[in-house]
Every structure is written in C-alpha cells, then in structure tokens.
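Novice: compute the structure for the input listed below.
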Amino acid sequence: MHDKLHGGSSSHSPDDSKYRSRDQCPATFTVWKKSLLFNGEGFTVFDSSGNLAFRVDNYASNVERELFLMDAVGNVLLTLRRDKRLSLSQKWEAFRGDGVGCGKPEFSVIIKSCPLFSSKVIAKVLVTQAEGESCRQTCQYDYQMEGSLCKPSSFTIFSASRQIISQVKQKEATSEIMLGDDVLGLVVQPGIDQTFVMGLVIIFIQVVST
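Specialist: Got it, this is the predicted structure:
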C-alpha cells in the first residue's frame, strides 16, 4: 500500500518565527487517513521520496478528543486535545511532546459555527506568545484555515496577511493507480515548520470528518 500511495516525485505573522524551516522549496507530502497499526485509528504521512515522515496512531476510544502526532520512529511531537467544555465553537489545543505537565499550549485552533445552510468551515489559529512579546495589534489570529464540508479533502491554510502557507487536496491518481478519498496531497510552503502544519492539518481533518 505504501508504494501505491507515494507518487514518486520528488509575510508571516509576528509570532511564527519558531515555526519556520530552512527549506527553500515547497515540501510535498502524501497524507493517508489510515494507521499502519492493525486496528489502530490515525494517519500515515509520507514525504516526496516515499519515506515515512509523520504518523498518528491511537488505539483508544478518545480519538475524537486527543491525538498524538509522532515522527517516523514514534517520538511524540505534538499532543492535540479538544476542549471538553460545551460551546458554540469547537476548540483544540496543541502541546509540545506528550503533553505531560501541560502548561500553556503551543497554539490553539478555534472553529466557529457557520451560518445555517452554509457548508463553509473556518478555523482561526492562535500561536501562544512568549513572555515579553508584543501583543497582536492588527489581527486577532495568526493563521486561518478555510474549507468546506462539501469538499472535506480540500482546504487551505493562510497567514494573517492572507499568504497561503499550505494547501491540502485530494491526491490525484495516475493512470495505473487508483486512490481512495482517504489519500490526500499536502504542500507546505518554505519557511514554515512542517510539524506545526501537520498539527493544523490533522485537527482540521478531524473537524470536517466528524
């Protein structure tokens, strides 16, 4: 299944400097909405060379409330938790590592309810500011994700200045390979931490899929 999934081709907000990478070209990934573990729920992510890059594995029944984003060897990079409090808005928080000790989240994602009969989904991303950093002045969010319930496999992540930092679309099949709707293509623009983007992508997929 790994070979079938892999295709074989090889202005930021003031708060996002810790999420920048040194890549000069956009990075491409294949996101498979399946776990490599038997009977496990999660995601498997391959880079443009077909190597395992990220994974989300979860045997527990609380997959809709807590997810662990790991690297290829199983080190937990981010713990993603959904706020249990009842609200008109759905909120997720991301903690570095396994979340033990918690403290402040690295970033939060707030998904507000859309007007009746609207399929549009908008999620605002707030990066937790370090002590001593100036407060936001021009915008109330650092990033925004936009998609639709009609096309849950396609959405875009924007910076506060409306620059596209990442896009997710249905993975296009070749003439020889048929892919299901659980296989997505992800493009991450240079200068953005791919772990950060993967955390956002996993959260948004959970939102539009439940």
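Novice: make it CA atoms for all contacts and neighbour counts henceforth
Specialist: Noted.
Novice: identify the bridge partners of the closest residue to residue 156 other than its chain neighbours.
Specialist: Nearest residue to residue 156, sequence neighbours excluded (C-alpha to C-alpha, 6 or more residues apart in numbering): residue 167, at 4.5 Å. On the basis of DSSP bridges, residue 167 is bridged to residue 156, residue 187.
Novice: these two touch, right, residue 167 and residue 186?
Specialist: Yes: using C-alpha atoms under 8 Å, residue 167 is in contact with residue 186, at 5.9 Å.
Novice: of those two, who's got more company?
Specialist: residue 186 (26 against 20; other C-alpha atoms under 10 Å).
Novice: next, the contact list for the more buried one, please.
Specialist: 28, 29, 30, 31, 166, 167, 168, 169 (C-alpha atoms under 8 Å, 6 or more residues apart in numbering).
Novice: give me the beta-bridge partners of the second one?
Specialist: With DSSP bridges applied, residue 29 shows beta-bridge pairing to residue 47, residue 186.
Novice: would you say residue 169 is within a helix?
Specialist: No: secondary structure of residue 169 (DSSP: H, G, I helix; E, B strand; the rest coil): strand, not part of a helix.
Novice: show me what contacts it?
Specialist: 153, 154, 155, 184, 185, 186 are the contacts of residue 169 under C-alpha under 8 Å, 6+ apart.
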